[in-house]
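Visitor: only geometry, no sequence info:
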């Protein structure tokens, strides 16, 4: 922040140099000026070219396709908003929405709380800090597919370790795939396992930028460690928490790999009665199993709307953190 | 900017009256638990890769390595419908190509956004930030597939590579990094000496960006290596990436846990090696990036 104050400086030396230097130098001057004007666009053009082809075009085209009854073979007829209207009354779509939202909530809330606890612990004076930081990041570099495969086995009904562990406490063997809520919990733990450490590291980074004087002053005033955490740490972490919730919203609402592999068979059905089918799975199923491109495209736009709404709601929630400050 | 704070903060201010930085027994419990929970599934995966299916269905399962790793690898490689080795090779080609391209594209654009002043630059950078919010993969899956069909590229790995080259995060990260790692004076001095913009990029910018590029490369490699949905859609089972190859194994041989775990273990091993080798830089890069974002 302190450095930022003097960054606008480059504007100063630039201006005078450009005009006198180039006056008399003829061809070279023109070239140099051209270089100065045009090269920046040349430098950013690879990104924007790719973005136009693989970003803007697909988005626009999805919108267009969504207005058609568009089957795989290319048979298509314009039907306006019919796809959207059928979607809104499609129980299967709402089932996917409910599953997605449920898993998003079940995974994100504990994840954030655990990440805060973990970050707070990592922020203490400990020996081998790098070791601990690397340790909690291990899950993040494990591929999602591997996580899903291993956890699905751990959640196995008969030989799964989790049922064995719960059995020690007298819990009967659970068929995790069978019910919505057990499947939601199982899948949410996969998400949490992979991301909690990463979020903790990001929170830790933010915690370390909080000036220590704040804590010292609070301690002198007799504030307990707990109070310092709630009154100083949490409010100061607000931007980071917003960032994490933001990332989790996009990741959570587009959840795909874990539930697909939890099923073991890529029909995208998400269980016998779709008890853990997510919206992303719904889209892929409509497009590439049932070959109804128009319907899938409409669902993709509704997913985007869902993400926007989710982001706004989460933002207004997290904005209130430490709002008394 | 903020990273400077993070570095200059005295990590161990000893004499302060405040005891909240001391590790309590609870801290140690939390950290130990976190390590165990983080490491266990990975450990379990590697153990199972060395065991038999009978071991895997023991309750509780054995937690020490067995001697069947070679046998499991052999079975994995002989399972023809999974094409595991081809999947590994494809994933390596795809991830390396995407990583090199994204790092190059991002340093070029990052340099322009951070150090050159041009009309519309701020707007373009803002546009990138906004589009980082859009889940392009899920949103654009139908047209992208259609596009690949029209180009006749379905089933080929270039159909996977191209869409992954769009990486707004990379441009954003390199813009931030360039701003902080290269002093404006350096760029100005090179200009005075008559260096062209491209020359400045090659001789001034790139050398200064090396650490940031390494972190971005690792992140992009990891992300690309882990991609599942798009390869599953656009590739065919006889030309998979490693992740879809495992999914195929899971579908056809889902009860052969030890072979499946051998596959997943092999699929994460390259990432783990990189992580162990560059762990310090990765953690540092993540933490610096986090504070700036």
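Guide: Sure thing, it's come through. Because the structure is predicted, anything quoted here is derived from the model rather than measured.
Visitor: contacts and neighbour counts: CA atoms only from here.
Guide: Will do.
Visitor: which strands and helices sit next to the host helix or strand of residue A:49?
Guide: Per DSSP states H and E: residue A:49 is located in helix A:27-51. Counting contacts by 3 or more C-alpha pairs under 8 Å, 6 or more residues apart in numbering or on different chains; DSSP states H and E, helix A:27-51 is packed against helix A:11-23, helix B:84-115, helix B:197-200.
Visitor: measure the residue nearest to residue A:270 when sequence neighbours are not counted to residue A:85 for me?
Guide: Closest residue to residue A:270 apart from its sequence neighbours, by C-alpha to C-alpha, 6 or more residues apart in numbering or on different chains: residue A:277 at 4.0 Å. Using C-alpha to C-alpha, to the nearest Å, residue A:277 is found at 21 Å from residue A:85.
Visitor: what's the end-to-end length of stretch B:117-126?
Guide: Start to finish, the residues bounding stretch B:117-126 are 15 Å apart (C-alpha to C-alpha).
Visitor: typo on my end, stretch A:203-219
Guide: Terminal residues of stretch A:203-219 lie 22 Å apart, using C-alpha to C-alpha.
Visitor: in that stretch, what's buried?
Guide: A:203-210, A:212, A:215-216, A:218-219 (16 or more other C-alpha atoms under 10 Å in any protein chain shown).
Visitor: average pLDDT across it?
Guide: Averaged across stretch A:203-219, pLDDT comes to 89.
Visitor: just give me how far that stretch sits from the chain centre.
Guide: Stretch A:203-219 sits 27 Å away from the centroid of its parent chain (C-alpha atoms, centre = their mean, to the nearest Å).
Visitor: for the stretch 51-200 of chain A, what spans make up the helices?
Guide: A:57-65, A:82-88, A:91-122, A:129-141, A:144-154, A:161-167, A:180-207 (DSSP state H, counting those that start in this stretch).
Visitor: what number of residues lie near residue B:277?
Guide: Neighbour count of residue B:277, defined by other C-alpha atoms under 10 Å in any protein chain shown: 11.
Visitor: quick one: low-confidence parts of the chain?
Guide: Looking at chain A here, since you left the chain open. Scanning chain A for pLDDT under 70 picks out A:1-28, A:72-74, A:321-325.
Visitor: that's the wrong chain, I wanted chain B
Guide: Residues of chain B that meet the criterion pLDDT under 70 lie in B:1-18, B:289-293.
Visitor: tell me which residue is most central in it.
Guide: Chain B has residue B:222 as the residue nearest its centroid, 2.2 Å off, counting by C-alpha atoms, centre = their mean.
Visitor: skipping adjacent residues, who's closest to residue A:294 in space?
Guide: Spatial nearest neighbour of residue A:294, excluding adjacent residues (C-alpha to C-alpha, 6+ apart): residue A:66 at 4.4 Å.
Visitor: the one you found and residue A:302 touch, don't they?
Guide: No: Residue A:66 is beyond contact range of residue A:302, at 10.4 Å (criterion: C-alpha atoms under 8 Å).
Visitor: these two: which is more packed in?
Guide: Shown here are residue A:66 and residue A:302; by other C-alpha under 10 Å, residue A:66 has more neighbours (27 against 18).
Visitor: identify the residues contacting that one.
Guide: Counting by C-alpha atoms under 8 Å, 6 or more residues apart in numbering or on different chains, residue A:66 touches A:81, A:83-84, A:293-298.
Visitor: now with 7 Å, please.
Guide: Shown in contact with residue A:66 (C-alpha atoms under 7 Å, 6 or more residues apart in numbering or on different chains): A:83, A:294-295, A:297-298.
Visitor: look up how far residue A:270 lies from it.
Guide: To residue A:270, residue A:66 is 24 Å away according to C-alpha to C-alpha.
Visitor: so which of the helices and strands packed on helix A:27-51 comes closest to residue A:95?
Guide: Between residue A:95 and those, the tightest spacing by C-alpha to C-alpha is seen for helix B:84-115, at 34.1 Å.
Visitor: and the stretch 151-300 of chain A, which residues reach chain B?
Guide: Within the stretch 151-300 of chain A, the positions adjacent to chain B are A:159, A:161, A:164, A:201-202, A:205-206, A:208-209, A:216, A:219, A:225, A:257, A:264-265, A:280, A:287, A:293, A:297, A:300 by C-alpha under 7 Å from any C-alpha of the partner chain.
Visitor: oh, I was asking about the stretch 1-150 of chain A
Guide: Residues of the stretch 1-150 of chain A found near chain B (C-alpha under 7 Å from any C-alpha) are A:1, A:3-4, A:10, A:35, A:37, A:39-40, A:43-44, A:46-47, A:50-51, A:54-55, A:58-59, A:61-62, A:118, A:121, A:124-126, A:134-136, A:138-139, A:141-146, A:150.
Visitor: buried ones from those, can you make that a ChimeraX selection?
Guide: The ChimeraX command for the buried members of the residues of the stretch 1-150 of chain A next to chain B (criterion: 16+ other C-alpha under 10 Å) is given here:
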select /A:10,39,40,43,44,46,47,50,51,54,55,58,59,62,118,121,124,125,126,134,135,136,138,139,141,142,143,144,145,146,150
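Visitor: would you indicate which residues of the longest helix seen in chain B are buried?
Guide: Criterion DSSP state H: the longest helix present in chain B is helix B:257-292. Neighbour-count burial for helix B:257-292, counted by 16+ other C-alpha under 10 Å, picks out B:257-268, B:271-272, B:275, B:279, B:281-283, B:285-291.
Visitor: same thing with stretch A:261-268?
Guide: A:261-266, A:268.
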